[in-house]
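coordinates only, no sequence provided:
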């Protein structure tokens, strides 16, 4: 589906489908609710609705951990719209009442698993009751033929249920299937596969209907495509060759995550994908294009290079960028780093003094179990069987012992992989590096710097080639989440391909020109590039109110950036929030998106008691609160908030005129 020409400014709202609430939704937001939201957005001048990923994630509430790159989430199904649903009307009504009561006692959070279980149960029963008629449905038959992903997805789903959600690697059957094996199982087990397929048929119909309704209102729908796939997905299970299961993807250490991030998702085998003409990616975009006018590529940096972490690591400390150019063993040897010197830098060495300092009297026991002594020296290496964070954490040892073993395990200046050598992220902090002479340190640091610069050239070619192919495979507007340790080539390539980057106001700062020790100044939104999306908050951050009330230093700095007089208030005020939103609306970015929570906060009567409860997700945490926020009022009730609609309309009209779009 096609977005409008980017010859003017657009303003929109970001919201997870699950967070929506209408008078017809059952326990959680549903695809059918999007049309209701669109009607209100149209009156308020909001022309874009941006969603989080809507793929099936099974028992995992995170929308970024999909079981399939193609299948939609049964959680978002409108049960009442299914054929024969009237027989379950009482059960649906009762669950709506029970879930509403549950939310009142759970700080407005919905219960993920009960909602999903109810929908799957009713879906299965309705299929069974209508199986004969469904079997004769030509439209359903054509849909199955047009969507070949349905076969591996339904077989995977059925087998996962049969094996009590166990990892596919442990299944007694089809743990490593060939395409004929999957097709055969599908034909032999229609009773287990067809209900799942029919559910997807209904989900596609409901999302397609909502998308068409939005288009008729002049509201565009923007999706979200995570770049990576869960290891426990139908795609990895069925198309194993497209993925490298020897490593996991993540992000390198930064000021917020000193150990980096380990996401647990396998990395791609781009060479294999290229040989297949990137068929899997093109089909994925075709599927998304059925529903969306635009889409966001999550972690677009991964198309340039990914932080590759060896399987068996829990943190990202021993990761490296892939692809990247290694240091070269011969070149290192030419600089004076012989075989013994390289082993000193690539393999952790633990001295007797370190052992005694960390573990005291328990040191000799630990050394006997988990270390290997080097000759007659009081010096040790880790035993191979415990030389990973997963293996160390699995030991029946005290926290002091596992903590010491982990610290020694990650203490490396260089990383060796398949004969190649790469600098560790914390190379200069390592014991091996610190033991070098100053000239040796300079030689190693200079070589690592040169390789980084050379690697950036390869990243640029890699990213440009991949993104050009993907952009050419769809007519959707392409937007990118380009946050993190961004190589210099990324903005250049995105601009060349007319892909919109992301500007989160609180993180868009003048870092390069900041005075050491002083906070970096905010970049004025008016100077953002037109090919960008401006937003004050996203699902992984606090809301505007939350940010203001949780971070004193930041609010003081931003208050002055806004040019506000007088003392900075500790609590957000309605007038101040209006000023923050207005400043965002003045961004030069063609798209300006606001989380629904920030939009609702423009009406003081809708303020929650504690803005921390309005956050969608806290990265790095796993709990029942993440991903389960739901809007406090029904969308239909927003139509009665005339002051809120007028306020939004004034902001969006002003932004549209400023961007050359004229009045509404």
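Good, I have the coordinates. Given the structure is predicted, the values throughout are model-derived calculations rather than measurements.

alpha carbons only for contacts and neighbour counts from here, please
OK.

the residue lying farthest from the centre of the chain: what secondary structure?
The C-alpha centroid of the chain is most remote from residue 376, which lies 50.1 Å away (C-alpha atoms, centre = their mean). Following DSSP: H, G, I helix; E, B strand; the rest coil, the label given to residue 376 is coil.

check what pLDDT it gets.
We note a pLDDT of 90 for residue 376 in this prediction.

from the chain's centroid, how far away is stretch 320-337?
Offset of stretch 320-337 from its chain centre (C-alpha atoms, centre = their mean, to the nearest Å): 32 Å.

contacts for it?
252, 305-309, 338-339, 420-425, 443, 447-448, 451-452, 454-455, 458-459 (C-alpha atoms under 8 Å, 6 or more residues apart in numbering).

now, of these, which are buried?
252, 305-309, 421-425, 443, 447-448, 451-452, 455, 458-459 (16 or more other C-alpha atoms under 10 Å).

show me those residues that map onto helices.
The members of the buried ones among the contacts of stretch 320-337 that map onto helices under DSSP state H are 443, 447-448, 451-452, 455, 458-459.

let's have the residues you listed in CSV, adding distance to residue 299 and pLDDT.
Shown next, in CSV, are these (distance: C-alpha to C-alpha, whole Å; pLDDT from 0 to 100):
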residue, distance to residue 299, pLDDT
443, 33, 96
447, 28, 96
448, 25, 96
451, 23, 95
452, 20, 93
455, 19, 95
458, 18, 94
459, 14, 96
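
contacts only, for residue 555.
Here residue 555 is in contact with 547-549, 568 (C-alpha under 8 Å, 6+ apart).

now residue 197
144, 150, 154.

any idea which helix or strand carries it?
According to DSSP states H and E, residue 197 maps onto helix 190-217.

again, but for residue 372
Going by DSSP H and E, residue 372 is in strand 371-373.

model confidence over that strand, on average?
Taken as a whole, strand 371-373 has a mean pLDDT of 96.

any residues touching that strand, and which ones?
Counting by C-alpha under 8 Å, 6+ apart, 379-383 sit against strand 371-373.

please apply the same query to stretch 608-615.
107, 539-543, 545-546, 597, 629.

could those residues be laid out in CSV, adding neighbour count?
Shown next, in CSV, are these (neighbours: other C-alpha atoms under 10 Å):
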residue, neighbour count
107, 16
539, 19
540, 13
541, 16
542, 24
543, 25
545, 22
546, 20
597, 27
629, 24
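
in strands, which of the residues you listed fall?
Assigned to strands by DSSP state E, none of the contacts of stretch 608-615 qualify.

now flag whichever of the residues you listed is closest to residue 400.
Residue 400 lies nearest to residue 540 out of the contacts of stretch 608-615, by C-alpha to C-alpha, at 32.7 Å.

for residue 524, see how far away residue 631 is.
Counting by C-alpha to C-alpha, to the nearest Å, the gap from residue 631 to residue 524 is 31 Å.

ok, residue 547 next?
Applying C-alpha to C-alpha to residue 547 and residue 524 gives a distance of 18 Å.

over to residue 212?
Applying C-alpha to C-alpha to residue 212 and residue 524 gives a distance of 37 Å.

and if you look at residue 289?
34 Å.

so where's this protein shaky on pLDDT?
Residues of the chain meeting the criterion pLDDT under 70: 661-664.

end-to-end on stretch 378-396?
26 Å.

quick one: buried residues of it?
379-382, 386-389, 391-393.

and stretch 594-613, by the same measure?
Under the neighbour-count rule (16+ other C-alpha under 10 Å), stretch 594-613 has 594-603, 607-608, 611, 613 buried.

ok, now stretch 126-137?
Buried residues in stretch 126-137, defined by neighbour count with 16+ other C-alpha under 10 Å: 126-127, 131, 134.

leaving out chain neighbours, which residue sits closest to residue 285?
Among residues not flanking residue 285 along the chain, residue 474 sits closest, at 6.5 Å (C-alpha to C-alpha, 6 or more residues apart in numbering).

what distance do you get for residue 613 to residue 507?
Taken as C-alpha to C-alpha, the span from residue 613 to residue 507 is 22 Å.

return the residues in contact with residue 310.
Applying C-alpha under 8 Å, 6+ apart, the residues contacting residue 310 are 246-248, 318-319.

one more time with 10 Å
Shown in contact with residue 310 (C-alpha atoms under 10 Å, 6 or more residues apart in numbering): 245-249, 316, 318-320, 388, 417.

PyMOL command to pick out the buried ones of those residues?
If you want just the buried ones from these in PyMOL, going by 16+ other C-alpha under 10 Å, the selection is:
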select buried, resi 245+247+248+249+316+318+319+320+388
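
kindly reformat the contacts of residue 310 as TSV containing distance to residue 7 and secondary structure.
Shown next, in TSV, are the contacts of residue 310 (distance: C-alpha to C-alpha, whole Å; DSSP: H, G, I helix; E, B strand; the rest coil):
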residue	distance to residue 7	secondary structure
245	44	strand
246	46	strand
247	43	strand
248	41	strand
249	37	strand
316	42	coil
318	46	coil
319	42	coil
320	41	strand
388	53	coil
417	49	strand
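
for residue 20, what are phi and psi?
Dihedral pair for residue 20: phi -70, psi 150, per degrees, to the nearest 10.

wait, it touches residue 14, no?
No. Residue 20 sits out of contact with residue 14 when judged by C-alpha atoms under 10 Å, with a separation of 11.0 Å.

overlap in contacts of those two?
Joint contacts of residue 20 and residue 14 (C-alpha under 10 Å, 6+ apart) are residue 596.

which of the two has more neighbours?
residue 20 (26 against 22; other C-alpha atoms under 10 Å).

for residue 81, see how far away the more buried one is.
17 Å.

among the buried residues of stretch 378-396, name the ones in helices.
Checking these against DSSP H, those in helices are 389, 391-393.

tell me how many other residues surround residue 492.
Around residue 492 there are 13 other residues, counting by other C-alpha under 10 Å.

wasn't it part of a helix?
Yes. Counting by three-state DSSP, residue 492 is part of a helix.

thinking again about what came up before, following the chain onward from the helix holding residue 197, which element is next?
Assigned by DSSP H and E, the successor of helix 190-217 is strand 220-226.

quick one: strands adjacent to that following strand?
strand 48-50 (parallel), strand 294-298 (parallel) (DSSP bridges).

and these, which is most packed in?
strand 48-50 (a mean of 25; mean count of other C-alpha atoms under 10 Å).

who's in contact with it?
Under C-alpha under 10 Å, 6+ apart, the answer for strand 48-50 is 3, 10-17, 34, 37-38, 41-42, 214, 218-224, 292-296, 591-596.

swap in stretch 393-410?
Contacts of stretch 393-410 (C-alpha under 10 Å, 6+ apart): 313-318, 347-350, 354-355, 358-359, 362-363, 366, 370-371, 381-382, 386-392, 424, 426, 430-431.

rerun at 7 Å
317-318, 348, 350, 358-359, 387-389, 392 (C-alpha atoms under 7 Å, 6 or more residues apart in numbering).

was I right to think residue 378 contacts residue 350?
No. Applying C-alpha atoms under 7 Å as the test, residue 378 and residue 350 come out as separate, 8.6 Å apart.

any shared contact partners between those two?
Contacts common to residue 378 and residue 350, judged by C-alpha under 7 Å, 6+ apart, are absent.
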